[in-house]
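J.: just need the structure, nothing else, for what follows:
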Amino acid sequence: MKNCLEQILDHLKKEGYFDWPVEECKDKVNMPKVIELIENYDLSFNLGTAAGHILMSTGNLDNLKLASWYLNREIERLEKKEQED
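T.: Model prediction:
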């Protein structure tokens, strides 16, 4: 039986998030897709990084926690900017 990481990697590969052999770069997501998402929606660094971690998060709590951390930083940044205006 496959472990959790192997199941996640199989799912991501099936969904097209990897554009290279999974065995070579197990911790990478299809960066062209992430970059396209960031550019199409003109995302800030924090939102783009959160999006990347969300795409890598299937079954991985650590990536969701990182995404949450970047989202919270973006919220703080926007709240600070709003107060300054």
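
J.: which other residues reach stretch 34-50?
T.: Applying CB atoms under 8 Å, 6 or more residues apart in numbering, the contact partners of stretch 34-50 are 51-52, 55, 66-68, 70-71, 73-74, 77. In short, each C-beta sits where N, CA and C put it, glycine included.

J.: what is the end-to-end distance of that stretch?
T.: 10 Å (CA to CA, to the nearest Å).

J.: start the count at 19 instead of 1 going forward.
T.: Done: numbering now begins at 19, and the last item shifts to stretch 52-68.

J.: so for that stretch, what's the average pLDDT?
T.: The pLDDT scores in stretch 52-68 average 85.

J.: quick one: buried residues of it?
T.: 52, 56, 61, 64-68 (16 or more other CB atoms under 10 Å).

J.: one more: stretch 65-78?
T.: Here stretch 65-78 shows 65-75 as buried, counting by 16+ other CB under 10 Å.

J.: among those residues, which one sits closest to Glu100?
T.: If you rank those by distance to Glu100 using CB to CB, Leu65 comes first, at 16.2 Å.

J.: which is the next helix or strand following the helix or strand that contains the closest one?
T.: Using DSSP states H and E, Leu65 maps to helix 63-73. Next along the chain after helix 63-73, taking DSSP H and E as the criterion, comes helix 79-102.

J.: next, the buried residues of that following helix.
T.: Going by 16+ other CB under 10 Å, helix 79-102 has these buried residues: 81-82, 84-85, 88-89, 91-92.

J.: turn those into CSV, including distance to Lys99 and pLDDT.
T.: Formatted as CSV, the buried residues of helix 79-102 follow (distance: CB to CB, whole Å; pLDDT from 0 to 100):
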residue, distance to Lys99, pLDDT
Asn81, 27, 82
Leu82, 26, 86
Leu84, 23, 89
Ala85, 21, 88
Tyr88, 16, 91
Leu89, 16, 92
Arg91, 13, 94
Glu92, 10, 93
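
J.: Throw these into CSV and include distance to Lys32, thanks.
T.: Compiled in CSV, the buried residues of helix 79-102 are given as follows (distance: CB to CB, whole Å):
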residue, distance to Lys32
Asn81, 18
Leu82, 20
Leu84, 23
Ala85, 22
Tyr88, 26
Leu89, 27
Arg91, 32
Glu92, 30
